[in-house]
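**Student:** sharing a sequence plus its predicted fold:
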Amino acid sequence: MGQKMLARPLTGAGNTRHAVVAAEGLVTDRAEDGRVTVQPFDSDEIDSPTLVMLGCDPAVGLLESGLRSRGVALVAGEESSREALMGLANGEAHIAGCHLLDDVTGAYNSTWVQQLVPFPCALVTFASWQQGVILAYGNPKGIGGVADLANPGIRLVNRQAGSGSRDLLDRALAVAGISGETVAGYDREEWGHLAVAAAIASGNADMGIGVKAAAVAMGLDFLPLEEERYDLVIPEHFLSDGPVQVLLDLLRRPVLHCRVESLGGYDASNMGIQSPTG
C-alpha cells in the first residue's frame, strides 16, 4: 500500500478463504503490544504490482485470475461490507467491496461510503446479484422464507454483524415480527457467502442468507429475496495508479462479464460503470 508493506494472517475466522492461499512471508517475532515482525519469502514478489481488496464477493477468484494474467497480483481479504469500508478508510486496502442499503433513500452504498470513508471515492459497479435464503438441496424442511425461523427445529447460520447479508436478514425478521434472540443459530456467525453455504451443505444448519452463486456452487436450493448492487469502492487518489487502471480495463471486458454471470445469480451488464459517491 504505497510505501507501506501490509501483512494479513491466513488463519482466524475473519480470514477464511475457500481456496488454498500460499503464504508469502513468515512471522518471526511478536511484541507484547500485539505487533509482529514479518519476513517476506521473496522480496521480488512483494515489489510486484499489487492490489489489496476487502469484501465478500464469491466471484473474487475471477478477478484474481484475470489480473494475474495481466501482471497484477490481487490480495483479497474476506470482510463484511462495513469492515471493508473501514479498512479502506484506515489505509489497509485499495478497494472495498460493498452492498449496503440505505433504508431511507433505498440506494446502495453511496451513503455508507460517505459516512465511513473520509476522502472522495468512486463507486465502480461490479454486478447486481440475487440475495436470498440458501437451503439444503430439495428443501427437506419445506422452508418458505425467513418467517419460518419462528418454527421450532429450523436452524439458522448467520453472517457477521456489519455485513449486507446480516442487514437483509434483520430487515426480514423485523417485517415478520421475529426477534433474533428467539432464532436458533442467530448467534452462529460465518464470514462469507460460501461459508454460509458450506454450513448448510454439511447439515449443520437449515438456512442462511447469501447470494445465489454460493448456493449454486454447493448444489443447494435458493429462495430469492432481493437484487442488490455490489460496488467496488476505490479512493479517487488511487484511480490513476497503474494496477487500478488494469482492473478498470478488465472490468470492461465482455469475457469477464460472461464468466461472472455463469456463476449464477449475477447480472454483469453494468460492470465497470463509475459514479462518484457525492
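**Tutor:** Perfect, thanks for sending it.

**Student:** isn't residue 67 right up against residue 247?
**Tutor:** Yes. Counting by CB atoms under 8 Å, residue 67 touches residue 247, with 6.4 Å between them. In this view, the C-beta of every residue, glycine as well, is placed from N, C-alpha and C.

**Student:** contacts for the helix or strand harbouring residue 111?
**Tutor:** Element membership of residue 111, judged by DSSP states H and E, is helix 110-116. Contact with helix 110-116 is made by 81-82, 85-86, 89, 98, 100, 102, 104-105, 121, 123, 233, 275, 277-278, as judged by CB atoms under 8 Å, 6 or more residues apart in numbering.

**Student:** drop anything exposed from these.
**Tutor:** 81, 82, 85, 86, 89, 98, 100, 121, 123, 233, 277 (16 or more other CB atoms under 10 Å).

**Student:** let me know the closest of those to residue 218.
**Tutor:** Closest approach to residue 218 among the buried ones among the contacts of helix 110-116 (CB to CB): residue 81, at 22.0 Å.

**Student:** neighbouring contacts of stretch 241-254?
**Tutor:** Residues contacting stretch 241-254 (CB under 8 Å, 6+ apart): 49-51, 63, 66-67, 70-72, 94-95, 124, 126, 232, 234, 238-239, 256, 271-272, 274.

**Student:** among those, which ones are in helices?
**Tutor:** Counted as lying in helices by DSSP state H, out of the contacts of stretch 241-254, are 63, 66, 67, 256.

**Student:** most surrounded residue in those?
**Tutor:** For these, the largest neighbour count, defined by other CB atoms under 10 Å, is 24 neighbours, found at residue 63.

**Student:** got the contact list for that one?
**Tutor:** By CB under 8 Å, 6+ apart, residue 63 lies in contact with 53, 74, 76, 247, 250.

**Student:** least confident of the buried ones among the contacts of helix 110-116?
**Tutor:** For the buried ones among the contacts of helix 110-116, the weakest pLDDT value sits at residue 277, with 76.

**Student:** would you mind listing the buried residues in the helix or strand where residue 259 lies?
**Tutor:** Using DSSP H and E, residue 259 falls within helix 254-261. The neighbour-count check on helix 254-261 (16+ other CB under 10 Å) flags 256, 257, 259, 260, 261 as buried.

**Student:** could you check how far the nearest residue to residue 71 once chain neighbours are set aside is from residue 252?
**Tutor:** Nearest non-adjacent residue to residue 71, counting by CB to CB, 6 or more residues apart in numbering: residue 49, 6.2 Å away. According to CB to CB, to the nearest Å, residue 49 and residue 252 sit 19 Å apart.

**Student:** with residue 216 instead?
**Tutor:** 25 Å.

**Student:** now swap in residue 77 and tell me
**Tutor:** With CB to CB as the criterion, residue 77 and residue 252 are 25 Å apart.

**Student:** more neighbours: which of these two?
**Tutor:** Between residue 77 and residue 252, residue 77 has the larger neighbour count (other CB under 10 Å), namely 22 against 11.

**Student:** which of the helices and strands in the protein ranks last by mean pLDDT?
**Tutor:** Least confident helix or strand of the chain, by mean pLDDT, DSSP states H and E, is helix 43-47 with a mean of 54.

**Student:** what's near enough to touch residue 269?
**Tutor:** residue 257.

**Student:** spell out the residue ranges of the helices in the protein.
**Tutor:** Using DSSP H, helices in the chain cover 43-47, 60-68, 81-89, 110-116, 164-176, 193-201, 212-218, 242-251, 254-261.
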